[in-house]
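Engineer: give me the fold of what follows.
(chains A and B, ligands or ions: 2)
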Amino acid sequence: MKLLVCVSKTPETTAKISFTDSDTEFNTEGVQYIMNPYDEWYALVRALEIKEATSGSVTIINVGPAANDTVIRKGLAIGADEAVRVDADPKSALFVAKQIAAYAKEQRFDGIFLGKETIDFNGSEVGAMIAELLDMPYLSWANKLDLNGSTATISREIEGGNEVVEVEAPFVVSCAKGMAEQRIPNMRGIMMAKRKPLNVIPAVDSADHAVVTQYTLPGEKSAVKMVDPEDMDELVRLLHEEAKVI
Amino acid sequence: MVLIYVESPKGQIKKSALEAVNYGKKVADVLGKDCVALTLGEVAGAGILGKYGASKVINIADSSLADFDSQVHAGVITSVAKELGAEVVIVNHSSNGKSLLGRLAVKLDAGSVTGVNTVPTNDGSFKVKKNVFSGKAIAEYEIKSAVKLLSLMGNSFPLEENGAEVSPETMTVEIPARKVTVKEVKTIEGTVPLPEAELVVSAGRGMKGPENWGIVEDMATILGATTACSRPVADSDWRPHHEHVGQTGVAIRPNLYIAIGISGAIQHLAGVNSSKVIVVINKDPEAPFFKAADYGVCADLFDVVPKLNEALKRFKAANN
Ligand SMILES: Cc1cc2nc3c(=O)[nH]c(=O)nc-3n(C[C@H](O)[C@H](O)[C@H](O)COP(=O)(O)OP(=O)(O)OC[C@H]3O[C@@H](n4cnc5c(N)ncnc54)[C@H](O)[C@@H]3O)c2cc1C
Ligand SMILES: Nc1ncnc2c1ncn2[C@@H]1O[C@H](COP(=O)(O)O)[C@@H](O)[C@H]1O
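Structural biologist: Ligands and ions are numbered 1, 2, ... in the order given. Predicted coordinates:
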């Protein structure tokens, strides 16, 4: 199978979040970046497992500036065969989806794998957009995917349960926990990654319909009220009378 | 006109879908427009959506719409939106809702914001807010396209009845061919799904092992709450994966989140810090979770949780 994995770059999970330019831009100073965990742990690894079981290839794609190459190289070190970077600032989900769909249209992939969402903007939108642009079925939040020839059996998270579906390739799938186990790149992988192709291609045009105009930080929490462990009736009273949640 | 897609798995309208209709009414009021609710597949009693704010309910009861396929459903929603001239389309911020929104964005050439939790501004521009960076910040988005798409974060507004029942109408639209075959839908019986739960009781590695979860389950039963857990607990298979909350698990915003034996790592907080009230039970006074808590109990959980359960039982007995 010829597979495409969409990988994004996000601030590391403990990164301190702050803003500049009158709170209109994310402050990147001192922020460490990682590959979005869902893309790395689940989408990429499951695609690699499928390739290992059935032969074929895994290409990773990122829409972003040259600074993203370190994240892309990590994907190659984990095992992807080649990489493509669309050289542009990923301004909106639709913009990103149009870039990936334009590339995928020429290449005719059997499956396109994404993470279930990015952990910075928590959009969970790009996959459905790519699927629509390519007129392909889309299975969101998959936690299991088995292939039998060109037929995939996919289990996907829905609120309060799971749905098991069957679909023919080509398809677009977004990956959640359960799909695969995280792989740590080894020395050989890191060395090989340096020689694998990373093609940089220009962006196609796309409108931006939704843009961030202002960021704010959540208000400070008021200090915690400690309750005497010997008086749980008091905690219950507070939850009922003061917080009014029970 | 504001169009709300109402999710109704197995013909039952979800509570989060009622919230979406409520919210759609608020958006419609801001814009001075009508609020129309759309249900797909056979749905029992769709008329009650009127009570939650819909001035009109459309039900397309075609049996081919019973199972979800984002391609089919997005096609039908698009036809209805175009026919009625919808300016705003609203879905739930659920697994299915999100897989529709991206498609609608392409089909309707519309700007979308997922997971919104505010009513749009009405000062000549259309601005909504959502949490970003896994709850560590809030972003305001402006949507500039003619048609606007939103997915509503669950539990953002209290549910209210503010209208009267209406009789559902139908509409004839073309139904696209299906490519996805639904084989099985497995639902976890008896509990409210985590993203919809108003009360959540959650526990972490402080529990020492899965055999000790009885006291947590007791509390959930007494309160009618849903259970959750920290990531290492799910990773060790002490609890099922769907209970894992946090940055890489489910993000929730219940009215009450009780955290038992959880340290409060930043990745855990990211998924739960939008909860309205947080109670932390931990024996370590330095546990970072206390800084994010409204109420704290510093004690051994094996002592204090059974005591709290007894107190809750007394409260329930007195208040029922
Ligand atoms: C990329 C990344 C993503 C992550 N995503 C998530 C996520 O989504 N969700 C998540 O939860 N974690 C996540 N983590 C893990 C996170 O960093 C923490 O390791 C994890 O949340 C700790 O779980 P815990 O609080 O249950 O365990 P611990 O940190 O071991 O804490 C146990 C707590 O229990 C208390 N305790 C022990 N015994 C008792 C007792 N008898 N009575 C009372 N209190 C007691 C201790 O004082 C301690 O505070 C992520 C980590 C990384 C690196
Ligand atoms: N800039 C990007 N380049 C490549 N893939 C991306 C990019 N942004 C998002 N994705 C993919 O789309 C998924 C969902 O992202 P989002 O819709 O932004 O939450 C991510 O998990 C990635 O797989």
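Engineer: what about the top helix by length along chain B, distance to the chain center?
Structural biologist: If each helix of chain B is counted by residues according to DSSP state H, the longest one is helix B:301-319. Relative to its chain's centre, helix B:301-319 lies at 28 Å (C-alpha atoms, centre = their mean, to the nearest Å).
Engineer: what is that helix packed up against?
Structural biologist: Contacts of helix B:301-319 with other secondary structure elements, assessed using 3 or more C-beta pairs under 8 Å, 6 or more residues apart in numbering or on different chains; DSSP states H and E, are made with helix A:232-237, helix B:214-223, strand B:277-282. Backbone N, C-alpha and C define where each C-beta goes, glycine included.
Engineer: for A:Val211, pull up the helix or strand it's in.
Structural biologist: When secondary structure is defined using DSSP states H and E, the element that contains A:Val211 is strand A:210-216.
Engineer: the next helix or strand after that strand near chain B anywhere?
Structural biologist: Note on strand A:210-216: by DSSP H and E, the next helix or strand toward the C-terminus is strand A:225-226. Yes. Judged by C-beta under 8 Å from any C-beta of the partner chain, strand A:225-226 comes into contact with chain B through A:225-226.
Engineer: partner strands of strand A:225-226, parallel or antiparallel?
Structural biologist: As defined by DSSP bridges, the strand partners of strand A:225-226 come to strand B:295-298 (parallel).
Engineer: which residues sit against the strand holding A:Val211?
Structural biologist: When contacts are defined by C-beta atoms under 8 Å, 6 or more residues apart in numbering or on different chains, strand A:210-216 is touched by residues A:19, A:23-24, A:26, A:91-92, A:94, B:111-113, B:127, B:132, B:137-145.
Engineer: tell me the mean pLDDT for it?
Structural biologist: Across strand A:210-216, the average pLDDT comes to 94.
Engineer: check stretch B:304-311 too.
Structural biologist: In the prediction, stretch B:304-311 has an average pLDDT of 98.
Engineer: now it: buried residues?
Structural biologist: For stretch B:304-311, the neighbour count (16 or more other C-beta atoms under 10 Å in any protein chain shown) marks B:304-305, B:307-309, B:311 as buried.
Engineer: would you list those in a markdown table and tack on distance to B:Thr170?
Structural biologist: Conversion of these to a markdown table gives the following (distance: C-beta to C-beta, whole Å):
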| residue | distance to B:Thr170 |
| --- | --- |
| B:Val304 | 56 |
| B:Val305 | 52 |
| B:Lys307 | 56 |
| B:Leu308 | 51 |
| B:Asn309 | 50 |
| B:Ala311 | 52 |
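Engineer: verify the contact between B:Glu243 and B:Thr227 for me.
Structural biologist: Yes. Counting by C-beta atoms under 8 Å, B:Glu243 does reach B:Thr227; the two are 6.0 Å apart.
Engineer: identify the contacts common to these two.
Structural biologist: Joint contacts of B:Glu243 and B:Thr227 (C-beta under 8 Å, 6+ apart) are B:Ser202.
Engineer: near residue 22, how many other residues are there?
Structural biologist: Went with chain A since none was named. The local packing of A:Ser22 (other C-beta atoms under 10 Å in any protein chain shown) involves 8 other residues.
Engineer: that was the other one, I meant chain B.
Structural biologist: In terms of burial, B:Asn22 registers 25 neighbours under the definition other C-beta under 10 Å.
Engineer: can you give me the distance of it to B:Ala66?
Structural biologist: Distance from B:Asn22 to B:Ala66, counting by C-beta to C-beta, to the nearest Å: 25 Å.
Engineer: could you do B:Ile278 as well?
Structural biologist: Using C-beta to C-beta, we find B:Ile278 at a distance of 39 Å from B:Ala66.
Engineer: who has more neighbours, these two?
Structural biologist: The residue with more neighbours, out of B:Ile278 and B:Ala66, is B:Ile278; 25 against 16, by other C-beta under 10 Å.
Engineer: and stretch B:160-172, how far out from the chain middle?
Structural biologist: Here stretch B:160-172 shows a centroid-to-chain-centroid distance of 22 Å under the convention C-alpha atoms, centre = their mean.
Engineer: what does it contact?
Structural biologist: Outside stretch B:160-172, the residues within contact range by C-beta under 8 Å, 6+ apart are B:22, B:25, B:39, B:46-61, B:80, B:83.
Engineer: closest to A:Asp69 out of the buried residues of stretch B:304-311?
Structural biologist: Set against A:Asp69, the nearest of those by C-beta to C-beta is B:Val305 (49.9 Å).
Engineer: where do the helices sit along the chain?
Structural biologist: Here I'm looking at chain A. The residue ranges that make up the helices of chain A, judged by DSSP H, are A:37, A:45-54, A:69-78, A:93-107, A:126-133, A:187-193, A:232-237.
Engineer: not what I meant, chain B
Structural biologist: Listed in chain order, the helices of chain B (DSSP H) span residues B:15-31, B:70-84, B:95-107, B:214-223, B:231-235, B:266-272, B:301-319.
Engineer: tell me who's in contact with the residue in chain A positioned nearest to ligand 1.
Structural biologist: Using C-beta to the nearest ligand atom, the single residue of chain A nearest to ligand 1 is A:Thr13, 4.2 Å away. Residues near A:Thr13 by C-beta under 8 Å, 6+ apart: A:34, A:37, A:119, B:134, B:247-248, B:266-267, B:270.
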